[in-house]
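>>> predicted model and sequence follow; I will ask about them next.
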Amino acid sequence: MQLTPEQRQEIETARSRPTETLRPTVPALEALLFQPLPVLDHGFVRVIDYLGDDAAVVQAARVSYGRGTKRVSEDAGLIRYLMRHRHSTPFEMCEIKYHVKLPIFVARQWIRHRTANVNEYSARYSVLDREFYIPAPEHLAAQSATNRQGRGAALGGDEAERVLGLLRDDASRCYDDYAWMLNEDQPDPARSGLARELARMNLTLNTYTQWYWKTDLHNLLGFLSLRADAHAQHEIRVYAEAMLGTLQAWVPITHAAFLDYRLGAITLSAPMLDAVRRMLAGETVDQASSKLSKREWGELTAALRMD
Ligand SMILES: Cc1cc2nc3c(=O)[nH]c(=O)nc-3n(C[C@H](O)[C@H](O)[C@H](O)COP(=O)(O)OP(=O)(O)OC[C@H]3O[C@@H](n4cnc5c(N)ncnc54)[C@H](O)[C@@H]3O)c2cc1C
């Protein structure tokens, strides 16, 4: 992750001007505010602003006149109850705004989460940086044989080297052609140069883009439950993992409840529950007698660590 000296200076300046406020603030998140947390080779996620804290969830749930908090243990109990029973609107009272730098193919997955406010860097207005995501060798994997949406073992030897070379060379060549078509850097006076909004279509999907992304705590948890999950693609999961760290700093009680009741939990279907009950009663249950599909049975046995 490379920041220019000017960008670093802007962050320093923003961090050097504390202001007094009556609004609740969270010291652990204030410590992270504006600081880029590196993700992938050139990406980052940084918290730009936030509204509310754990107490704001409690305050909204109790529709209270003051801060709404009682003893910490009672507040934690209430937040855990809300999380367990999917009582979502108190969590919508808190908001957070991130600045994210991410490869375009990751952005395409991310943007599917519609319950956020987004403003992306304009490649019609500005020239994109010459920065491409190139996977670390251990993440350069083959197509999974068992999961059409996943990857298997890492490529090795000559094939890995050749793939890395192609990713680097193709991205560089396309970017060089982009720069040539723009005709902006050391311009050739004999050429007009292609408009930025057209020249960008030649760029590869591993080129980095940036956006501001604002969402409420409820929808952030929805995003994290899908994207910090083992089924999510590695390249978006690492962003979600960095954001989990900011969640922990911001709303530690909600974070702990989220790990217990969402991220680390599974939902059992009625037939799954029936199979578990029969096993607990001492019956030997296999896939055929469980009446679960092969896939569901695999998910159940993996969750119960029986495989
Ligand atoms: C592992 C994985 C694989 C995926 N594969 C594919 C794929 O192959 N192809 C593909 O297209 N997508 C794919 N997706 C994207 C997925 O289908 C969702 O679009 C994405 O995860 C956003 O989820 P969401 O709708 O819950 O989030 P949000 O858009 O943030 O919505 C949150 C909730 O708000 C409500 N909501 C928001 N907007 C509307 C609306 N317009 N109408 C009604 N309700 C609304 C819904 O209740 C929704 O659940 C994949 C996602 C994951 C995690």
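Cool, the structure landed. Numbering: from 1, shown residues only.

>>> got phi/psi on Gln186?
The phi and psi values for Gln186, taken as degrees, to the nearest 10, are phi 50, psi 60.

>>> actually Phe44, sorry about that
Phe44 adopts backbone torsions of phi -160, psi 170, taken as degrees, to the nearest 10.

>>> quick one: Gly152 is in a strand?
Yes: if the criterion is DSSP: H, G, I helix; E, B strand; the rest coil, then Gly152 is within a strand.

>>> how many other residues sit next to it?
Neighbour count for Gly152, taken as other C-beta atoms under 10 Å: 12. All C-beta atoms are positioned from the backbone trio N, CA, C, and that covers glycine.

>>> surely it and Leu140 touch.
No: contact between Gly152 and Leu140 fails when scored by C-beta atoms under 8 Å: they sit 11.4 Å apart.

>>> which stretches in the protein count as helices?
Per DSSP state H, the chain carries helices over the ranges 5-15, 27-30, 54-62, 72-84, 104-110, 157-182, 196-199, 217-227, 234-250, 252-258, 270-280, 287-290, 294-303.

>>> what's in contact with stretch 163-175?
Contacts to stretch 163-175, defined as C-beta atoms under 8 Å, 6 or more residues apart in numbering, come from residues Arg130, Phe132, Ile134, Pro135, Pro137, Leu140, Leu155, Asn202, Leu203, Thr204, Asn206, Thr207.

>>> that stretch - what's its average pLDDT?
What stretch 163-175 shows for mean pLDDT is 95.

>>> how about it: buried residues?
In terms of neighbour count (16 or more other C-beta atoms under 10 Å), stretch 163-175 has its buried residues at Leu164, Leu167, Ala171, Cys174, Tyr175.

>>> CA atoms of stretch 126-140 as PDB?
Presented in PDB, the C-alpha positions along stretch 126-140 are these (Å, rounded to 0.1, in the frame of the first residue of the first chain):
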ATOM      1  CA  SER A 126      -9.600  11.400 -13.200                       C
ATOM      2  CA  VAL A 127      -6.900   9.100 -14.300                       C
ATOM      3  CA  LEU A 128      -6.700   5.800 -12.400                       C
ATOM      4  CA  ASP A 129      -3.400   5.000 -10.700                       C
ATOM      5  CA  ARG A 130      -1.000   2.400 -12.200                       C
ATOM      6  CA  GLU A 131      -1.700  -0.200  -9.500                       C
ATOM      7  CA  PHE A 132      -2.800  -3.800 -10.000                       C
ATOM      8  CA  TYR A 133      -3.600  -6.600  -7.600                       C
ATOM      9  CA  ILE A 134      -1.200  -9.500  -8.200                       C
ATOM     10  CA  PRO A 135      -2.000 -12.400  -5.800                       C
ATOM     11  CA  ALA A 136       0.600 -13.700  -3.500                       C
ATOM     12  CA  PRO A 137       1.900 -17.100  -4.800                       C
ATOM     13  CA  GLU A 138       0.000 -19.000  -2.000                       C
ATOM     14  CA  HIS A 139      -3.300 -17.500  -3.200                       C
ATOM     15  CA  LEU A 140      -2.700 -18.400  -6.800                       C
END
